[in-house]
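**Q** let me see the structure of the following:
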Amino acid sequence: MKRTTIYLEEFKINKLQDYSFKNKVSVSEIIRKAIDNFLEQKEQTTDRIEYKDIIGIAEGPEENNVSEKVEEFLKEKFSK
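**A** As a prediction, the model looks like this:
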């Protein structure tokens, strides 16, 4: 591990110290776990394909062209 320094508002430091004392875990460990959770969550969301990323990538029939009628399509599909 490598040492680093962060700046926090005093009330956040106090909350971390209270949690640390009550749960018998170091402030450093709390911060490391919070960072691990944050990074894991970010990886999961970046791996997911959003519907807006795929609209218009293929050609379909003219009467139901999703890329041109995206607002109508979304309202119809998600308002049920």
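**Q** contacts, neighbours, all on C-alpha from now
**A** Noted.
**Q** mind telling me which residue is nearest the centre of this protein?
**A** Computing the C-alpha centroid of the chain and ranking residues by Cα atoms, centre = their mean puts K42 first, at 5.0 Å.
**Q** how far off centre is the lowest-mean-pLDDT helix or strand in the chain?
**A** The helix or strand of the chain with the poorest confidence is helix 51-54; it has a mean of 71 (mean pLDDT, DSSP states H and E). In terms of Cα atoms, centre = their mean, to the nearest Å, the centre of helix 51-54 is set 17 Å apart from its chain centre.
**Q** which helix or strand lies directly C-terminal to it?
**A** helix 70-78 (DSSP states H and E).
**Q** and the longest helix seen in the chain, what's buried?
**A** Ranked by residue count and defined by DSSP state H, the top helix of the chain is helix 27-47. Judged by neighbour count (16 or more other Cα atoms under 10 Å), helix 27-47 contains these buried residues: V27.
**Q** circling back: now do the least confident helix or strand of the chain: which elements does it pack against?
**A** For helix 51-54, there is no helix or strand it packs on, judged by 3 or more Cα pairs under 8 Å, 6 or more residues apart in numbering; DSSP states H and E.
**Q** check which residues of that helix are buried.
**A** With the criterion 16+ other Cα under 10 Å, helix 51-54 contains no buried residue.
**Q** contacting residues around the helix or strand encompassing F11?
**A** With secondary structure defined by DSSP H and E, F11 is part of helix 10-23. For helix 10-23, the surrounding residues in contact (Cα atoms under 8 Å, 6 or more residues apart in numbering) are S26, V27, I30.
**Q** neighbours around I55, how many?
**A** Number of residues near I55 (other Cα atoms under 10 Å) recorded here: 13.
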